[in-house]
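>>> Structure here, sequence nowhere to be found:
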C-alpha cells in the first residue's frame with residue numbers, strides 16, 4: 001500500500017531534490033536545482049522499486065499543499081462570490097481574495113515554483129527512464145509509469161495555464177500562455193524561454209493525456225492505488241474537464257460517453273465502476289468511494305502543511321473564510337431540504353457565521369483532496385449535451401446530480417438552451433462548493449468574476465482576471481514576456 005509515502009531514504013530522491021527558496025531575493029531559476037542530496041541517476045534507476053518510488057514522489061510533488069494539495073482549490077474559490085474573508089491574513093490568501101496580488105506576491109510565486117518543480121521532475125524522470133532495460137524494469141510497467149507521470153504533467157500544466165493565462169475561450173487560445181518546458185533541466189542554460197500560446201499548452205496537455213490513456217491500467221488491485229493513482233477512467237474524466245475549457249463540446253460528449261451510460265442510473269461500464277454515491281456525505285467520509293475518481297491523500301506524517309489545509313480555511317480549524325450571504329449559499333435554488341446544505345454546511349461554533357463543513361477532519365486536517373469526481377463528469381457531459389447535443393439527456397444528467405441530494409426537487413421548465421445551461425452552471429456551484437471549480441467555470445466561459453474581496457466584477461479584460469507572472473520568473477527568464 002502506497003499513499004505517496006516512501007518508507008526509506010528514497011523519499012527525497014527525485015534524481016535531484018530541489019530546495020524552495022525566496023522568489024526574488026535569490027536570483028536563480030528554480031530549475032537550477034539546489035539539491036539536498038545529489039544522487040546519480042544510475043542509482044535511482046537501478047531497481048524497479050526505486051523507479052516506482054520516484055513516481056510516487058512525483059505524485060507527492062503535485063499534491064503539495066502549496067499546489068494541488070490545497071492552494072489550487074483555495075485560490076479558485078476565494079476569488080469568487082462564494083466566500084467572505086474573516087482574518088485579513090495574506091498568508092491565507094487575503095491579497096488573492098482582494099485581487100491585489102501582484103508579481104511580487106510570494107504565495108502566488110510559490111504556486112508557480114511548485115508547479116514547475118513538478119514539471120521538471122517529470123521531465124527528468126522521462127529522460128532518465130528511457131534507457132532502462134527489461135533486466136531492471138518490466139516493459140509494461142515502464143510504459144505504465146511513463147503514462148502516469150505524463151498525466152501528472154498534464155494536470156500540472158492545466159493548473160498553471162488556468163491561473164496564469166487568459167482562458168482558451170477568450171480567443172481560441174491565441175493569447176500569451178506560459179513557458180512550455182519539456183526538457184530535463186539540470187542547470188540554468190535554458191532559463192530564457194518565451195511563453196507559448198495558450199493553445200500550444202492545451203495541445204500538449206491533450207497529447208500527454210491521450211498517450212497516458214493508452215498505457216495506464218484500467219484498474220488496480222489495491223483500492224488505495226485505485227483511488228490515488230491514474231487509471232484509464234481518471235484520464236478520460238480529466239479530458240472532459242480540459243475539453244470543456246476549450247468549448248469543444250462534441251469531444252466532451254465523445255470522451256464522457258466512454259465512462260457514462262446512455263441513460264440513468266449513470267455509471268461507468270468499463271474499468272473502475274464509477275457512479276454517484278448513494279449519499280453526498282459518503283463522498284466526504286469515505287475517501288476511496290467510487291464517486292471519487294482521483295483523490296490526493298494525506299496522513300499524519302504527510303500532511304498538506306500549515307495554512308494550506310481545506311478544513312483550516314473553511315471549517316472550525318480557523319474559519320479563514322465563511323460562506324458569503326450573497327453567494328450560492330443564499331440562492332433560493334438551493335433549498336434547506338438539499339443534503340448538501342443540511343449536511344455539508346453549518347453554523348460556526350459561536351453561531352455567527354455560515355461555514356462549509358464538507359472538509360471535516362480536525363487538526364492536522366487530513367481530508368483527501370478531491371481532484372475529480374464522477375458528479376463532475378456528469379455535469380461536464382450535461383453542459384456539453386445542452387450546448388451541442390441532446391437537451392433531454394442534459395436534463396437527465398442534471399437531475400441525477402440534484403436528486404441524489406434532494407430527491408423531491410423539481411426543476412422548472414427551461415424556456416431555451418441558455419436557461420438549461422444556466423441551471424447546470426448553478427448546480428456546479430452547489431455541488432463543488434469549496435472544491436476549486438468556481439473561477440475556472442467562469443473563466444472557461446469568459447465571464448466576469450463577481451469578487452467579494454474586490455467588491456466588484458472583475459471583467460475578462462481586467463489584468464487582474466488572471467495571476468501575474470511572478471517577478472522571480474521574469475528576472476531569471478526575461479523571455480517569458482516575449
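Good, I have the coordinates. Note that the structure is a prediction, hence the values are computed from the model and not measured.
>>> Give me the neighbour count for residue 430.
Using other CB atoms under 10 Å, residue 430 has 20 other residues around it. Placement of C-beta: from N, CA and C, glycine included.
>>> quick one: pLDDT of the nearest residue in space to it that is not next to it in sequence?
Nearest residue to residue 430, sequence neighbours excluded (CB to CB, 6 or more residues apart in numbering): residue 334, at 5.2 Å. As predicted, residue 334 sits at a pLDDT of 99.
>>> Residue 334 - that's part of a helix, no?
No - secondary structure of residue 334 (DSSP: H, G, I helix; E, B strand; the rest coil): coil, not part of a helix.
>>> Give the ranges of residues in the protein that sit below the confidence cut-off.
Residue ranges of the chain with pLDDT under 70: 1-39, 482.
>>> the residue most distant from the middle of it, which is it?
residue 135 (36.5 Å; CA atoms, centre = their mean).
>>> now that one, what's its secondary structure?
Under three-state DSSP, the three-state class of residue 135 is coil.
>>> do you know how far it is from residue 403?
As judged by CB to CB, to the nearest Å, residue 135 and residue 403 stand 56 Å apart.
>>> What of residue 158?
Distance of residue 158 to residue 403, computed by CB to CB: 31 Å.
>>> out of those two, which sits in the more crowded spot?
More crowded of residue 158 and residue 403, by other CB under 10 Å: residue 158, with 20 against 15.
>>> host element of that one?
Here residue 158, judged by DSSP states H and E, is contained in helix 139-164.
>>> any idea where the helices of the stretch 251-400 of the chain begin and end?
According to DSSP state H, counting those that start in this stretch, the stretch 251-400 of the chain carries its helices in the segments 280-283, 310-314, 339-344, 374-388, 391-405.
>>> what's the answer for the stretch 51-200 of the chain, then?
Going by DSSP H, counting those that start in this stretch, the stretch 51-200 of the chain shows helices at 71-78, 94-98, 106-129, 139-164, 168-171, 198-215.
>>> Taking helix 139-164 as reference, get the angle to the third one.
Here helix 106-129 runs at an angle of 160 degrees relative to helix 139-164 (axes from the mean of the first three to the mean of the last three CA atoms, to 10 degrees).
>>> One more: the first one?
Following the same axes, to 10 degrees, one obtains 30 degrees for the angle between helix 71-78 and helix 139-164.
>>> now the last one
When the same axes, to 10 degrees is applied, the directions of helix 198-215 and helix 139-164 differ by 150 degrees.
>>> what's next to helix 198-215, contact-wise?
The contact list for helix 198-215 (CB atoms under 8 Å, 6 or more residues apart in numbering) reads 143-144, 146-148, 150-151, 153-154, 157-158, 161, 165-168, 172-178, 180, 182, 230, 232, 235-236, 238-239, 242-243, 245-246.
>>> Just to check, residue 180 is in contact with residue 196?
Yes - counting by CB atoms under 8 Å, residue 196 is a contact partner of residue 180 at 4.1 Å.
>>> more crowded one of those two?
Legend: neighbour count by other CB under 10 Å for residue 180 and residue 196, higher for residue 196 (20 against 17).
>>> who's in contact with the more buried one?
Each residue near residue 196 by CB under 8 Å, 6+ apart is listed here: 177, 178, 179, 180.
>>> With residue 269 instead?
Contacts of residue 269 (CB under 8 Å, 6+ apart): 259, 261.
>>> 10 Å instead, please
258, 259, 260, 261, 262 (CB atoms under 10 Å, 6 or more residues apart in numbering).
>>> Then residue 366?
Contacts of residue 366 by CB under 10 Å, 6+ apart are 287, 297, 298, 299, 300, 302, 303, 304, 309, 311, 359.
>>> And the strands in this protein?
Assigned by DSSP state E, the chain shows strands spanning 16-18, 35-38, 83-85, 176-179, 195-197, 292-296, 321-323, 345-347, 354-356, 369-373, 449-451, 456-458.
>>> Distance to residue 45 for those strands - can I get that in CSV?
As requested, those are exported to CSV (distance: least, CB to CB, whole Å):
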stretch, distance to residue 45
strand 16-18, 13
strand 35-38, 15
strand 83-85, 45
strand 176-179, 27
strand 195-197, 30
strand 292-296, 25
strand 321-323, 44
strand 345-347, 49
strand 354-356, 44
strand 369-373, 28
strand 449-451, 45
strand 456-458, 47
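>>> ok, of the contacts of residue 269, which one's closest to residue 398?
When the contacts of residue 269 are compared for distance to residue 398 (CB to CB), residue 260 comes out closest, at 13.1 Å.
>>> Ramachandran coordinates for that closest one?
phi -130, psi 130 (degrees, to the nearest 10).
>>> The spatially closest residue to residue 327 that is not a sequence neighbour: neighbour count?
Distance criterion CB to CB, 6+ apart; nearest residue to residue 327, sequence neighbours excluded, is residue 82 at 4.0 Å. A count of nearby residues for residue 82, using other CB under 10 Å, gives 22.
>>> wait, residue 82 sits on residue 321?
Yes - the pair residue 82 / residue 321 is scored as a contact, 8.7 Å apart, by CB atoms under 10 Å.
>>> Many thanks, I have nothing further to ask.
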